[in-house]
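> Task: produce atomic coordinates for the following.
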Amino acid sequence: MAAFVARRNFILRRKSDEERQAEAEVAKTWTSSISAFFSDFVEFTKDPIPFVLETAAANSDTVEYRAGLEARLYLHVLWSLMKLFTLLAIVALAIVLPINFLTSRATWAAKDSFSRTTANGFADPSAQLIVHTIISVCCTVFILYIVWNVRAYVAKHARNFMDSPELVIPPAQAFTVEIQGLRVSPPVTEQQLRSAVLDRFQAQHSDAQVLGVSLPLDVTDVVDVVERQEELKAQLARYKQQAANDGVRPLVIQGWLSWAWIGERVDAIEHLEREIATVGAELTRLQDPEVERQRAGSGTAFVTFTRADATATFLEEYRGYKHAATKGRFGDDVESVVRNENYWVVGMAHKPEDIIWRNLRYNRSQIVFMVVAVCLVLFIVFTTICTPIFFFQLVVFLGDATIEGTPDAVSDAGAMSRYESYIRSAGGPGAVAGAEDHNYWAHRLLRTVARLSTPLFLLLVNFFLMPYLVHFAVRACGFREISSRNRAAFCIICAFMLFNVLVIPALSLSGMDEFFQLTRAMSFDQVLAIMLLFGSSSSFFIDYIMQMALLGSAFYFIFHTTTPLIVHWASDGKEEELVWELDFAYFFSSAIAAAGIGLFFILVLPLSTPFVAGLFAMRYYTDKWQLLTAHSNEHANPSPESTVSAAMVLLLIVTAFAQASFAAWLNMQAADALALFPWISAGIIMIIVCVPQLNRQIASISARWENEDEEVKATSTVAAPQAYATAYVNPYMHTSAGYTALE
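Sure, this is the predicted structure:
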């Protein structure tokens, strides 16, 4: 239905105003409207989604040109996951599903058609799960290859100078180090920094010459004024457009009760022009040289060297303050320059366009404190959000218990296997006798509604509420770089999404208190095994993936083909542009969550794998269409490799947990010999994640120009251009203070 409406709107947008008016005249009668509807429906059956097919063949260079580098990397990740899960879907349907369906079951296991497609309740797990174990280990190999391939792709396009036959000059960040922990008030001058640190370093290394030094001041108030000025200018442009469309100058309400529509009505354009003039005067005052000389420093310095290998030498010698002081690498007046030796931090600089200049006043300890505080607040908020999800799970549980009856009494508990005892004690498949009562159909309806509503509710929380809260919260964390802030938003969104998509439904809990009780009462491997057992006992994850694919695509079909028409109508045909930005933090998170479901349940619930493959196929082509036709690259991430690397690391962690869950599930069935292999796979993945050298070589690329990376060693002797001397000037300060003026 959404595709049909979107197709009609898509074709309508391409028609002229005369054609639209002619169709509107014809459609005034019922018969002509019905005839037009059936005609459109026939055309729809022949060509259902032309707007998506129109962009399907676009290559990656076109995507990067239209939507930016992050869009290119994101689509490459989706393409890789789509190919992986297509292969896994073939394996699941051709190998795993027949084995599950034909294998003999224990006497206590459920015998319904859905349960027979799962791997629960095999009569002889040690012998019947060998193929499953082999496929599990192969999944680990496939994921490692995908992560390595994505990392190589990111390295190629984020640092594209590597493919050149000649040595190309690296960017300014390759020659620049960032020093934190300097004196704030009065701010350190360039001469003081040279005397305390740089002169001694250059004396000991004759080939390590300093090209430029930038000591940005605290410009928080300037940034606030500039942002306010940009906001007012955007409002003024909208009001002028409205006045041109309507022929009447718009009015706004002023006063301290204007939020309640109480106050004086004034001309909106004149009011905003006065406000802009006032803000401009305030900005001029703040950028006055006399005011600038009274500012406090940010405690940060950017030092650019003439060669990249000089930065590696400087980092090696000055990374630790006490070590450098013991070796005599500081001048005599260093204590007057450094605020506190515990705040001394030296590292490679991020890209100049990646820096959030207003947040340079925060040191590492302050950022860590703010991040912890924000995460605690988000945890409380997310716990409140999860309560309805727990309620849905409780409704499903009550419906199941009422429909299926009372569990059979087992006189000899010791005769049960550990696997059977888990199922019976937890109320899992095969634990009930199947008695019915007079409320059978009422409870079946209740269970059906709850099971369909839970995935939908999860989608609404994950798509609308949770990303907005996270993006709003991370702005208060004081991150010094845009890429660090975006990476933190992705990690928080992805962690919460994995929790309420995998943990809560898989454990079938009815409250957060039960989750903590469960983790205290059971060991870690038991919790993982129960997640796999309960998660494969119902079709929840199949429902979630199906709704995620269909409802997500339907929403964007309608949104991107209808909203431009609304904008066109509201502006009387004088404005058709829709400014929209794809939230890569959310979309990367949802991709990792979907991949996690596929990796967790490919063996015990093979029917879910084709749906995951279909999800990635729909997401790839739908998101590609969005990026090429509607995405605004105005606020592009300067270092998208940071978010992509975090996504690959989280994909490895999810894979490790999936392998550990499968191993614990095997242990629960006394298949300890088989469980050894997925345990080893999980251990290898966690070693790759935790060992920095392996992580950098296989999974991640830093947003900074790390000299330890193999890709950058070839350019370590290339000389820096003279233009790099001013690459890290503060764009918010006046030119008289040695900075560029902000336009």
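> what residue ranges in this structure are flagged as low confidence?
12-30, 32-33, 160-168, 245, 383-459, 508-515, 563-579, 707-716, 734-743 (pLDDT under 70).
> where's the residue most central in space within the chain, which helix or strand?
With distances taken as CA atoms, centre = their mean, Ala585 lies nearest the centre of the chain, 2.5 Å away. Here Ala585, judged by DSSP states H and E, is contained in helix 584-601.
> and what of Val213?
For Val213, the host element (DSSP H and E) is strand 210-214.
> Can you tell me how far Ala630 is from Val291?
For Ala630, the distance to Val291 (CB to CB, to the nearest Å) stands at 43 Å. Using the backbone N, CA and C atoms, a C-beta is placed for each residue, glycine as well.
> Neighbour count for those two, which is higher?
Higher neighbour count among Ala630 and Val291: Ala630, with 20 against 14, using other CB atoms under 10 Å.
> From what I see, the more buried one and Trp580 are in contact.
Yes. The pair Ala630 / Trp580 is scored as a contact, 5.1 Å apart, by CB atoms under 8 Å.
> shared neighbours of those two, anything?
Taking CB atoms under 8 Å, 6 or more residues apart in numbering as the criterion, Ala630 and Trp580 both touch His560.
> can you give me the strands in the stretch 101-250 of the chain?
176-180, 210-214 (DSSP state E, counting those that start in this stretch).
> Pick the most buried one from the ones you listed.
strand 176-180 (a mean of 23; mean count of other CB atoms under 10 Å).
> Which neighbouring elements make contact with it?
The elements that strand 176-180 packs onto, with contact taken as 3 or more CB pairs under 8 Å, 6 or more residues apart in numbering; DSSP states H and E, are strand 300-305, helix 308-318, strand 345-348.
> Would you reformat the ones you listed as JSON lines and include distance to Ala646 and mean neighbour count?
Below are those laid out as JSON lines (distance: least, CB to CB, whole Å; neighbours: other CB atoms under 10 Å):
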{"stretch": "strand 300-305", "distance to Ala646": "24", "mean neighbour count": "26"}
{"stretch": "helix 308-318", "distance to Ala646": "23", "mean neighbour count": "20"}
{"stretch": "strand 345-348", "distance to Ala646": "18", "mean neighbour count": "18"}
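> and of these, who's closest to His76?
strand 345-348 (25.6 Å; CB to CB).
> I would like the residues contacting that closest one, please.
Here strand 345-348 makes contact (CB under 8 Å, 6+ apart) with 173, 176-181, 311, 314-315, 318-319, 363-364, 702, 704-707.
> so how far is it off the chain centroid?
Computed by CA atoms, centre = their mean, to the nearest Å, the chain-centroid distance of strand 345-348 equals 26 Å.
> mind exporting that strand as CSV, just the C-alpha atoms?
Backbone C-alpha positions of strand 345-348 (Å, rounded to 0.1, in the frame of the first residue of the first chain) are rendered in CSV as follows:
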residue,chain,number,x,y,z
VAL,A,345,48.0,14.7,27.5
VAL,A,346,49.8,14.5,24.2
GLY,A,347,48.3,12.8,21.1
MET,A,348,47.8,13.1,17.4
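> From here on, call the first residue 56.
Shifting the count to begin at 56 puts that one at strand 400-403.
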